[in-house]
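1. pasting the sequence and the predicted coordinates here, then a few questions.
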Amino acid sequence: SIGGREPCAPMLLLSLFATSTSSSSVVRLSRTVGERGSGRGQFDGPRHVAALKTGGAVIVDGLNERIQVFDRHGECVRI
């Protein structure tokens, strides 16, 4: 602990960059998901993230030895 407090919980900031060829622009979409722990929607050692066509994400939770699936709103829908 630091000054009697626990270190910050690991969260993931998911960013997706989308391009538009018609307007020649790039848009960044971001969302923070998760907190430290072993429950649904929590992480201990998040490692890899894969974006889904639906706008969700698949996240490898390394130290919890599992994979979690999140919907486009950042809610855990499957472990």
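-> Right, received. Where do you want to start?

2. hmm, residue 78 is touching residue 68, no?
-> Yes: the pair residue 78 / residue 68 is scored as a contact, 7.1 Å apart, by C-beta atoms under 8 Å. C-betas here are computed from N, CA, C, even on glycine.

3. more neighbours, those two?
-> residue 68 (21 against 11; other C-beta atoms under 10 Å).

4. what packs against the helix or strand where that one lies?
-> Element membership of residue 68, judged by DSSP states H and E, is strand 66-70. In terms of contacts (3 or more C-beta pairs under 8 Å, 6 or more residues apart in numbering; DSSP states H and E), strand 66-70 is packed against strand 57-61, strand 76-78.

5. save those strands as a markdown table, and put in distance to residue 46 and mean pLDDT too.
-> Formatted as a markdown table, those follow (distance: least, C-beta to C-beta, whole Å; pLDDT from 0 to 100):
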| stretch | distance to residue 46 | mean pLDDT |
| --- | --- | --- |
| strand 57-61 | 6 | 88 |
| strand 76-78 | 12 | 91 |
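
6. using TSV, lay out those strands together with distance to residue 34.
-> Formatted as TSV, those follow (distance: least, C-beta to C-beta, whole Å):
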stretch	distance to residue 34
strand 57-61	8
strand 76-78	8
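
7. just name the most buried of the ones you listed.
-> Of all the helices and strands packed on strand 66-70, strand 57-61 has the most neighbours on average by mean count of other C-beta atoms under 10 Å, namely a mean of 19.

8. name the residues that touch that one?
-> For strand 57-61, contacts defined as C-beta atoms under 8 Å, 6 or more residues apart in numbering pick out 12, 14, 33-34, 43-52, 67-70.

9. quick one, that strand and strand 66-70 angle?
-> Strand 57-61 and strand 66-70 are oriented at 160 degrees to each other (axes from the mean of the first three to the mean of the last three C-alpha atoms, to 10 degrees).
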